[in-house]
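Colleague: structure for this input, please:
(2 chains)
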Amino acid sequence: MPSVFAHIKSWSVFTCLLASLFIPSLSSADLALNMPKGSTPVSEMVYDLHMIILYICVVIAIIVFGVMFWSIFHHRKSKGHKPANFHESTTVEVIWTAIPLLILIVMAIPATEGVFAMYDTEDSEVDIQVTGYQWKWRYQYMGEDVEFFSNLSTPKEQILNQQSKGEHYLLEVDEPVVVPVNKKIRFLLTSNDVIHAWWVPELAVKKDAIPGFINETWTYITEPGTYRGQCAELCGKDHGFMPIVVKAVEEPEYLDWLNQKKQLRLAELAKAAAEAEQTWDMNRLMTTGKDVYEKNCLACHQAQGEGLPPVFPALKGSPIIKGQIVDHINIVLRGKTGTAMAAYGPQLSDAEIAAVVTYERNAWGQNDAWKENKGETVQPADVAKLR
Amino acid sequence: MNDTVANPNSNSVPDDHHGHDHHQPSGLSRWLLTTNHKEIGTLYLIFSFVMLFIGGGMAFVIRAELFQPGLQFVDPNFFNQMTTMHGLIMVFGVVMPAFVGLANWMVPLMIGAPDMALPRMNNWSFWIMPFAFGMLLSSLFMEGGGPNFGWTFYAPLSTTYAPPSTTFFIFGVHLMGLSSIMGAINIITTIMNMRAPGMTLMKMPMFVWTWLITAFLLIAVMPVLAGCVTMMLMDIHFGTSFFNAAGGGDPVMFQHIFWFFGHPEVYIMILPAFGVVSQIIPAFSRKKLFGYHSMVYATASIAVLSFVVWAHHMFTVGLPVAAELFFMYATMLIAVPTGVKVFNWVATMFKGSMTFEAPMLFSVAFVVLFTIGGLSGLMLSIAPADFQYHDTYFVVAHFHYVLVPGAIFGIIAATYYWIPKWSGYMYNETLAKWHFWLSFIGLNLTFFPMHFLGLAGMPRRIPDYALQFADFNMMTSIGAFLFGTTQLLFLYIVIQCARGKGEPAPQKPWEGAEGLEWSVPSPAPLHTFDTPPKVD
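Modeller: As a prediction, the model looks like this:
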């Protein structure tokens, strides 16, 4: 671990400090200071509550600090002020116990209404199950046979400062969750591994996704648009890299999208079925396998299969890869209980699993190092047998 | 230790084993074997100071990484280790030991007792700490790294998905808990049994009162924390499923147990600071503390309420609506006794005759900035709004406002207030004023913009962020570097006192100060109040 400190060079921090003083962005940028008002009834209610309580706090602060600073300026020894003798007053103490209590009671009324509103998940028109994974979201449209994973789409090069950062840096995904406007949408939240939290500030929706639990929350979006959020509960290494993008569209457009998605899914299923029949050659398996690996496995097992041991073990040269193909396929299909290894059976097709297993057994120069693995392919049919 | 003879002059406390000063062991064994409350107090304070710089160094790494968007210095996993360790060290290694150190030094002096009631246990309580933190820090260098699941270590991230070093973290927490419980027992026993004749409970200084209440909180909740980490240990190593949903366990139960400990814990960190400023503000206002009785009752009600508000940390986990409302109301209620305390401090200053030496500056800043933290706490208590605030930088801003200008400023104020008594020398007032103003500017520059970041939607505990958060993060980092560096000045000032550089301190260096601690010479001799003083 000390090696990371080696990167911290005092001069670079100093240069940054200096640079920051001359960058005009501090004054010119459009600084977001306050909570977004959002575009749902709940987000507006929350915003109003926030503003009321904020104003109450500001008024209290002005009064308390006003008295205090007035005393500080006038009642000082250097001005020859002599200390008074009082040190209690039941009347005053009762007053300043009672007034805050009254303010709180007044505040509690709209807050209680707000809680009831947020908890009212009944009579929804669209139901979407949201499942947190380390580190992506899965959306399943209930009763519609539409489901997909949503991954961060910001390129690694931007994160590592090798490319300039895009407008929606870290808040962009490959597949946004599309919802209709002016419909009550219910989200059912759960998790496949650790606790996550699904948060979109402009919808004022934040709810924890907890393994073994199904939480409910809802929204009703009045303005079409793209709403961006992030995971809000620390969920491990890439907690900062699992954004949420909600695309709210008019109903006809939503229905079109839903249909397209269904067609696409049917086509994909047909394609997967056809592919499962075929015998794939090494080249095709390796190319597909690389794609699947980068999307699903790389975050933990790393680009060169070196892993982040001991929590995320290395794949390269590991017993799994040197051992039986059947065991290798099984662990990808079913995961490993008691570890962070998830089951990919429900997420990937037979061909994709065949490809990624082939890739893991032959990539990173392993086909040279372990000659017995060389040219060893896994076919979709091998995976189908083990499902 | 046992070979020293009983002090023949000590007729008040027959079990005083210390003997004369010249029988004390010297060198390292003096500190290893000491049972003297002043020496143990010093050890605690030094320990806490060392940990402050370690925990602060971690904050430095965090703020360097967050200086600009993108990953620059550390990888996300190490970033998580830094946030986790920063929190654990500041809570358990800095604030708590510092207050125990202050209690060790000052409680016997303030109640007219010759020492703590259980001096050997006192020694043990302290010497556990370096081992607990040695173990915790060593986990950073183990395979897989140290704890990376946040200082709140929510399961199953801290069990099934945790690095192997978690076992060391668990034993570290057990040891700290052991030390805290023993320290708390010692303080309660001392206060209940060893007050000077005539010092009734309602005549005790506020610092003693707040520590008495804090000690009861510690005894109540540290075993809960121990139970919590023991369940983690069982889940990790012995196949149980307390928190593992796949085995029928309940990850939400973890949070209930943790916050049942965690919420009283935050009052453990602030109540003694309330006590400190309740000593200092009257002294420098040259006027008695306003509403002493209501101060005591307010402190006690805060302590009682702290047991029924824990789930306000869990408003988004999907509590039943009745629970959501109960915890919202209970939390809002805490504003009342807390408000009473703030009003009392202001009323104490009102029509006083104030001077602004360093202890007073830090105490005034305490009242202002702690109140800001308290008001943002009131905002957080409004459950519907909390759905937006929860787990964002708004929360980070809130708890840093109550802990840094709250707990830490309380500790610094106490140090300036009592260091003449401890060392026998006055600190350098000019440097201390510099220390104050640089700290004040630095900390507001660090923590105030965090409110805006949180409201605008930046989640906490992320190593990289979207571009709209860049400007405020840069301000925050600059503030943090300023605040952190300024504490080196504090170190220098304290070392100068310890080395005897500075004006010799009179017995009572502060004109308006009251209390038994000022009736002994400066520096306080190793043994004080062998014969109990009379309190009228």
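
Colleague: mind telling me which residue of the stretch 301-450 of chain B is nearest chain A?
Modeller: residue B:384 (3.3 Å; C-beta to the nearest C-beta). (Each C-beta comes from the backbone N, C-alpha and C, glycine too.)

Colleague: what's the nearest residue to that residue if we skip its chain neighbours?
Modeller: Leaving aside its sequence neighbours, residue B:384 sits nearest to residue A:114 (C-beta to C-beta, 6 or more residues apart in numbering or on different chains; 3.3 Å).

Colleague: what helix or strand is the one you found on?
Modeller: Assessed by DSSP states H and E, residue A:114 sits inside helix A:90-119.

Colleague: element containing residue B:494?
Modeller: Using DSSP H and E, the element containing residue B:494 is helix B:470-498.

Colleague: can that helix be found next to chain A?
Modeller: Yes: using C-beta under 8 Å from any C-beta of the partner chain, helix B:470-498 reaches chain A at B:470, B:471, B:472, B:474, B:475, B:478, B:481.

Colleague: spatially central residue in the chain, please.
Modeller: Using chain A here. Taking C-alpha atoms, centre = their mean, the centroid of chain A lies closest to residue A:231, which sits 2.8 Å from it.

Colleague: please go with chain B instead
Modeller: By C-alpha atoms, centre = their mean, chain B has its centre lying nearest to residue B:95, at 2.6 Å.

Colleague: isn't it right up against residue B:409?
Modeller: No: Residue B:95 is beyond contact range of residue B:409, at 11.3 Å (criterion: C-beta atoms under 8 Å).

Colleague: who are the contact partners of the closest residue to chain B within chain A?
Modeller: Of all residues in chain A, residue A:212 sits closest to chain B, at 2.5 Å by C-beta to the nearest C-beta. By C-beta atoms under 8 Å, 6 or more residues apart in numbering or on different chains, residue A:212 lies in contact with A:190, B:245, B:246, B:249, B:250, B:251.

Colleague: change it to 6 Å
Modeller: Contacts for residue A:212 (C-beta atoms under 6 Å, 6 or more residues apart in numbering or on different chains) come out as residue B:245.

Colleague: which SS class is it?
Modeller: Under DSSP: H, G, I helix; E, B strand; the rest coil, residue A:212 falls in the coil class.

Colleague: hey, where'd the helices end up in the stretch 401-536 of chain B?
Modeller: B:409-423, B:429-456, B:470-498 (DSSP state H, counting those that start in this stretch).

Colleague: ignore what I typed, I meant the stretch 151-300 of chain A.
Modeller: A:156-159, A:251-277, A:282-296, A:298-301.

Colleague: quick one: average pLDDT of the first one?
Modeller: In this model, helix A:156-159 has an average pLDDT of 92.

Colleague: hmm, back to that, is it true that the residue nearest to the centre of chain B touches residue B:407?
Modeller: Yes: between residue B:95 and residue B:407 there is a contact at 4.7 Å, judged by C-beta atoms under 6 Å.

Colleague: shared neighbours, the two?
Modeller: Here residue B:95 and residue B:407 share the contacting residues residue B:269, scored by C-beta under 6 Å, 6+ apart.

Colleague: for the chain, give me the ranges with low pLDDT.
Modeller: Since no chain was named, I'll use chain A. Filtered on pLDDT under 70, chain A yields the residue ranges A:1-31, A:367-375.

Colleague: could you do chain B instead?
Modeller: Residue ranges of chain B with pLDDT under 70: B:1-24.

Colleague: and the stretch 251-400 of chain B, which residues reach chain A?
Modeller: Counting by C-beta under 6 Å from any C-beta of the partner chain, the stretch 251-400 of chain B comes close to chain A at B:251, B:286-288, B:290-291, B:294, B:316-318, B:321, B:324-325, B:332, B:335-336, B:339-340, B:343, B:346, B:349-355, B:375, B:379, B:382-385, B:387-388, B:391.

Colleague: narrow those residues to those that are buried.
Modeller: B:251, B:286-288, B:290-291, B:294, B:316-318, B:324-325, B:332, B:335-336, B:339-340, B:343, B:346, B:349-355, B:375, B:379, B:382-385, B:387-388, B:391 (16 or more other C-beta atoms under 10 Å in any protein chain shown).

Colleague: the nearest residue to residue A:32 once chain neighbours are set aside: how many residues sit nearby?
Modeller: Nearest in space to residue A:32, with sequence neighbours left out and distances taken as C-beta to C-beta, 6+ apart, is residue B:456 at 3.6 Å. Applying the criterion other C-beta atoms under 10 Å in any protein chain shown, we find 21 residues in the vicinity of residue B:456.

Colleague: so residue B:456 makes contact with residue A:34?
Modeller: No: using C-beta under 6 Å, residue B:456 makes no contact with residue A:34, being 7.5 Å away.

Colleague: coming back round to it: which of the residues of the stretch 251-400 of chain B next to chain A fall in helices?
Modeller: B:251, B:294, B:321, B:324-325, B:332, B:335-336, B:339-340, B:343, B:346, B:349, B:375, B:379, B:383-385, B:387-388 (DSSP state H).

Colleague: residue B:221 in helix, strand or coil?
Modeller: Here residue B:221 is helix, with the state taken from three-state DSSP.

Colleague: can you tell me how far it sits from chain A?
Modeller: 23 Å (C-beta to the nearest C-beta, to the nearest Å).

Colleague: reformat the residues of helix B:470-498 next to chain A as TSV; add neighbour count.
Modeller: Shown next, in TSV, are the residues of helix B:470-498 next to chain A (neighbours: other C-beta atoms under 10 Å in any protein chain shown):
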residue	neighbour count
B:470	21
B:471	22
B:472	25
B:474	23
B:475	19
B:478	19
B:481	21
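
Colleague: re earlier: in the helix holding residue B:494, which residues are buried?
Modeller: Here helix B:470-498 shows B:470-484, B:486-487, B:489-490, B:493-494, B:496-497 as buried, counting by 16+ other C-beta under 10 Å.

Colleague: quick check: phi and psi on the closest residue in space to residue B:522 that isn't next to it in sequence?
Modeller: In space, and not counting its chain neighbours, residue B:522 is closest to residue B:505: 4.1 Å by C-beta to C-beta, 6+ apart. Backbone torsions for residue B:505, taken as degrees, to the nearest 10, come to phi -90, psi 140.

Colleague: give me the number of residues near residue A:317?
Modeller: The local packing of residue A:317 (other C-beta under 10 Å) involves 14 other residues.

Colleague: again, but for residue A:77
Modeller: Residue A:77: 18 surrounding residues under other C-beta under 10 Å.

Colleague: check contacts around the residue of chain B found nearest chain A.
Modeller: With C-beta to the nearest C-beta, the shortest gap between chain B and chain A falls at residue B:245, namely 2.5 Å. Listed by C-beta under 6 Å, 6+ apart, the contact partners of residue B:245 are A:211, A:212.

Colleague: so how far is residue A:149 from it?
Modeller: As defined by C-beta to C-beta, to the nearest Å, residue B:245 lies at a distance of 21 Å from residue A:149.

Colleague: all strands for the stretch 101-250 of chain A, in order.
Modeller: For the stretch 101-250 of chain A, applying DSSP state E, counting those that start in this stretch gives strands covering A:126-133, A:136-141, A:146-150, A:177-180, A:184-191, A:196-200, A:205-209, A:215-220, A:225-231, A:243-249.
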